[in-house]
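*Asks:* After the sequence you'll find the predicted model.
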Amino acid sequence: MHSRVSLHQVAFAGAPTAAFLDHCRTIGVGAVTLVTSLVGPDERAELAHASDGPRVATVNHNFAVFPNLERDDGAASDRLLEAVDLAAAVGAGHVYLLTGGRGTLDWTAAADRFAQLIAPGRDAAARKGVTLLVENASPFNADIHMAHTLADAVTLAAHAGIGVCVDLHACWTEGGLSDLLKRALPSVGLLQVSDYVLGDRSAPCRAVPGDGAIPLRRILGDVLDAGYRGLFDLELVGPRITAEGAHAATTRAAEYLSTMLDALGA
């Protein structure tokens, strides 16, 4: 398997973390993204002492979710510190965030509130060698997120003094994407890969790379040519993944992405 392929835990949301990691070892995936809400306290201690791989490269954390940015009283800041501690304990270099919803705040006020709330976690992360990232996500997630275009995610990241996680599933249709990716690249810490089958209306509606319409070879070629040196994270969730089964879908996805990266000279 290509060394820059990473697999996201969300596909195995109903399974113990150990089962997810065992699957990654079995198929040869060497890097993973863990989700804070899916890793139990006992599992955290085990992960901190694990030495047989795969390596935890990224931690995914839902920030000010229920309550949202408008109503949060600071609890989100405390939970972010816990996520940073987890990342540092397992050797992960990044924590990527959903922001929490805006409530009745306009975008600018919400961006100010996000920057204020993450400041303690951002500073703690920097001391521990961990970088915070914020992703772009579909407007379907407006109840738990506020950056719904890649340009907005880049703007929010700069405002908050953090980096960017690019989710191609949420931005592949945007105009001028190649140029935007090039401008964003200095702040990009992770790039997420999946596919979309035209006509799917569910949310989420991700497909195994190669099964849909996203021009992945062209987009990945562009980011590689522009100098991206990070991981390509397979974030797979939705009815198609459930129907095929997480083991089969993620295996097929990792093999497809690995072959593509080899062909592109990554």
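*Replies:* That came in fine, so what should we check first?
*Asks:* Quick one: find the helix or strand in this structure with the lowest mean pLDDT.
*Replies:* helix 41-49 (a mean of 79; mean pLDDT, DSSP states H and E).
*Asks:* Tell me the buried residues in stretch 40-49?
*Replies:* Applying a neighbour-count criterion of 16 or more other CB atoms under 10 Å, one finds 43-44, 47 buried in stretch 40-49. All C-beta atoms are positioned from the backbone trio N, CA, C, and that covers glycine.
*Asks:* again, but for stretch 108-124
*Replies:* Buried residues in stretch 108-124, counted by 16+ other CB under 10 Å: 110-111, 113-115, 117-118, 121-122, 124.
*Asks:* could you give me the average pLDDT of it?
*Replies:* The average pLDDT within stretch 108-124 is 98.
*Asks:* Give me the below-cutoff pLDDT ranges for the stretch 1-150 of the chain.
*Replies:* Residues of the stretch 1-150 of the chain meeting the criterion pLDDT under 70: 49-50.
*Asks:* Do a quick rundown of the helices in it.
*Replies:* 17-27, 41-49, 75-90, 107-127, 150-160 (DSSP state H, counting those that start in this stretch).
*Asks:* Just want the angle from the shortest one to helix 17-27.
*Replies:* The directions of helix 41-49 and helix 17-27 differ by 40 degrees, with axes from the mean of the first three to the mean of the last three CA atoms, to 10 degrees as the criterion.
*Asks:* who touches stretch 74-89?
*Replies:* With CB atoms under 8 Å, 6 or more residues apart in numbering as the test, stretch 74-89 has contacts from 34, 36, 39, 44, 47-48, 56, 59, 61, 63-65, 67, 92-95, 97, 100, 117-121, 124-125, 128-130, 132.
*Asks:* one more time with 6 Å, if that's ok
*Replies:* 36, 44, 48, 59, 61, 63-64, 95, 117, 120-121, 124-125, 128, 130 (CB atoms under 6 Å, 6 or more residues apart in numbering).
*Asks:* Quote the end-to-end distance of stretch 86-103.
*Replies:* End-to-end distance of stretch 86-103 (CA to CA, to the nearest Å): 29 Å.
*Asks:* do the same with stretch 119-139
*Replies:* Termini of stretch 119-139 sit 25 Å apart (CA to CA).
*Asks:* Check which helices and strands the least confident helix or strand of the chain sits against.
*Replies:* Here helix 41-49 touches helix 75-90, going by 3 or more CB pairs under 6 Å, 6 or more residues apart in numbering; DSSP states H and E.
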